[in-house]
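>>> give me a model of this one.
(one chain, ligands or ions: 1)
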Amino acid sequence: MLKFKFLGANGSCQDADCGNTSILFTDGAGSLCIDLACNISSVVDADIDAVLLTHEHIDHIYALPSLLHQLWLTGRTRPLTIYLPAGLDPFVNGMIDLFSIRSKKNIFAIVLSHEEQFTVGGMHFQTFKTDHTPISVGVIVEEGGRKLVYTGDSRPIPAAPEFMSGAQVLIHEASGLESNEQTLIQKGHSSAADAGRLAAALGAGQLYLCHLPRGTAAKQALLSEARSLFPAAHLPGILTEYTL
Ligand SMILES: [Zn+2]
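A predicted model of the protein is given here:
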């Protein structure tokens, strides 16, 4: 059974109780974390099998060196695979080399992979291109006949793409309100209304909003906007375990 847990759900700016968007997936047979920012202890505790990094922006990747360091300090010996879009290698290798991580004594193998489809435990992952940066990706997660779509950072997805159809859960960024749509699009992002519209078009069961602004009031305003278009919209509980 696939479980997922938000380690954070904010955009670039953190709240005390909500760090940058990153999501841990487990199914009892394997585990994968999408992006690395806050609450790295949860990733270490999961004895993570693999990491997927979606793009080059700071809030999505800055904790990678710390994860590798913590895994090494806690005695990891088996390889760690980092799935990443082609073009992200210089950022990843740069962070690893800045801290000389590959020269640590008995460091485990750090494997970079550009595979766009792969399996971890019983979970199948398929990345797809998003309209955010030239290399950014989102991901489809499938396990036991269930399907989840995470858009990653993205400008609005205008119509429900065929490859997303059948998703029970949509995790969609909501960087602001529709009244700021033009500014959001300029910055490569989308609104809570965009998230609600896509969830409705897909016929999804649940919608979780992420990449949120700071502050409770701002988050609640986004939730209201999304719910006006898709009632089963939620703000994620941080470190709450959800089952797909
Ligand atoms: Zn971004």
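>>> what stretches of this structure score poorly on pLDDT?
Within the chain, not a single segment meets pLDDT under 70.
>>> the ion contacts on that one?
H57, D153 (Cβ under 5 Å from the ion). C-betas here are computed from N, CA, C, even on glycine.
>>> for the chain, what spans make up the strands?
3-8, 22-26, 31-34, 50-52, 80-83, 110-113, 117-120, 123-129, 137-143, 146-150, 169-173, 206-210, 233-234, 241-243 (DSSP state E).
>>> ok, the closest residue to S190 other than its chain neighbours - contacts?
Excluding the flanking residues, the one nearest S190 by Cβ to Cβ, 6 or more residues apart in numbering is P156, at 4.4 Å. The neighbours of P156, taking Cβ atoms under 8 Å, 6 or more residues apart in numbering as the test, are E181, I185, S190, S191, D194, L198.
>>> ok, the residue lying farthest from the centre of the chain to the ion distance?
Distance from the C-alpha centroid of the chain peaks at K105, with 30.9 Å (Cα atoms, centre = their mean). Per Cβ to the ion, to the nearest Å, K105 is found 35 Å from the ion.
>>> same thing with Q117?
23 Å.
>>> begin at 434 from now on, thanks
Noted, 434 is the first residue going forward, which turns the last one into Q550.
>>> and that residue, what are its bridge partners?
Using DSSP bridges, the bridge partners assigned to Q550 are Q559.
>>> count the neighbours of H565 for me.
By other Cβ atoms under 10 Å, the residues close to H565 number 22.
>>> I590 is in contact with that one, correct?
No - counting by Cβ atoms under 8 Å, H565 does not reach I590; the two are 11.0 Å apart.
>>> got the angle for the longest helix along the chain vs strand 639-643?
Across the chain, the longest stretch assigned as helix under DSSP state H is helix 649-662. Relative orientation of helix 649-662 and strand 639-643, computed by axes from the mean of the first three to the mean of the last three Cα atoms, to 10 degrees: 150 degrees.
>>> which residues are contacting helix 649-662?
607, 609-611, 624-626, 628-630, 632-633, 640, 642, 645-646, 666-668.
>>> what about 7 Å?
Contacts to helix 649-662, defined as Cβ atoms under 7 Å, 6 or more residues apart in numbering, come from residues 607, 610-611, 625-626, 628-630, 633, 640, 642, 645-646, 666, 668.
>>> so that helix versus strand 602-606, what angle?
130 degrees.
>>> which positions in helix 649-662 come out as buried?
Neighbour-count burial for helix 649-662 flags K652, L655, L656, E658, A659, R660, L662 (criterion: 16 or more other Cβ atoms under 10 Å).
>>> for stretch 623-638, same thing?
Within stretch 623-638, judged by 16+ other Cβ under 10 Å, the buried ones are 623-635, 637.
>>> of the contacts of helix 649-662, closest to A462?
L640 (27.0 Å; Cβ to Cβ).
>>> wait, that closest one sits on A666?
Yes - judged on Cβ atoms under 7 Å, L640 makes contact with A666 at a distance of 4.4 Å.
>>> what touches both of the two?
G629, A632, A659.
>>> chain neighbours aside, what residue packs nearest to G621?
G621 sits nearest to H565 (Cβ to Cβ, 6+ apart), 4.4 Å away.
>>> next, the one you found: phi, psi?
Dihedral angles of H565 (phi, psi; degrees, to the nearest 10) stand at phi -140, psi -60.
>>> what's near enough to touch it?
Per Cβ under 7 Å, 6+ apart, neighbours of H565: H488, G585, D586, S587, R588, G621.
>>> tell me which two in those residues are the farthest apart.
H488 and R588 (13.0 Å).
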